[in-house]
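Trainee: give me coordinates for this.
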Amino acid sequence: MSLRQVFFFICLIGLFSCSKEKSPEQTAESVKSSLTSGVTKTWALKKLFVNGTQSTLTPGQARYTKTYKADNTWLDSDGYAGTYTVPSPTLIIEITTNLPAGNRNDTYTIKSISVTSLEVEYTVSSTTYRLVFGL
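Mentor: As a prediction, this is how the structure comes out:
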């Protein structure tokens, strides 16, 4: 057996014998921290899926942003604003407070979140929307 083969087998053994630690479960507080970076974070819409099919963003959608603040308020580039809560690691509940017809509650299921990406989903009248945001 050549030295190269021995080195290869040692690497394989090391690779498969290493224990893999499971990443810690996210909490509502860690999700909020990712959402706001502890202060304020503005997310830009990157992709939109309607009933599982990716839609081409319109020019307006391509400019759409949503800002979340650590004080549990949010606003978007369309001029809407309100408050939000993160009751669990998989939910964001928003209350839009500046609608002419009164407040509206929206619940978003968090599909994934990191410090640089946010993917949420919601359903209205049997249509499911998945929004992918980035920085």
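Trainee: switch to C-alpha atoms for all contacts and neighbour counts from now on
Mentor: Fine.
Trainee: residue 123 contacts residue 129, correct?
Mentor: Yes. Counting by Cα atoms under 8 Å, residue 129 is a contact partner of residue 123 at 6.1 Å.
Trainee: the two: who's more crowded?
Mentor: For residue 123 versus residue 129, neighbours defined as other Cα atoms under 10 Å are more numerous around residue 129 (19 against 15).
Trainee: per-residue confidence at that one?
Mentor: The predicted structure scores residue 129 at 97 on the pLDDT scale.
Trainee: gap between it and residue 62?
Mentor: Counting by Cα to Cα, to the nearest Å, the gap between residue 129 and residue 62 amounts to 16 Å.
Trainee: confidence-wise, which helix or strand of the protein is lowest on average?
Mentor: Scoring the helices and strands of the chain by mean pLDDT, DSSP states H and E places helix 3-17 at the bottom, with a mean of 43.
Trainee: number of residues surrounding residue 124?
Mentor: For residue 124, the count of nearby residues is 8 (other Cα under 10 Å).
Trainee: repeat for residue 94
Mentor: Applying other Cα under 10 Å, we find 21 other residues in the vicinity of residue 94.
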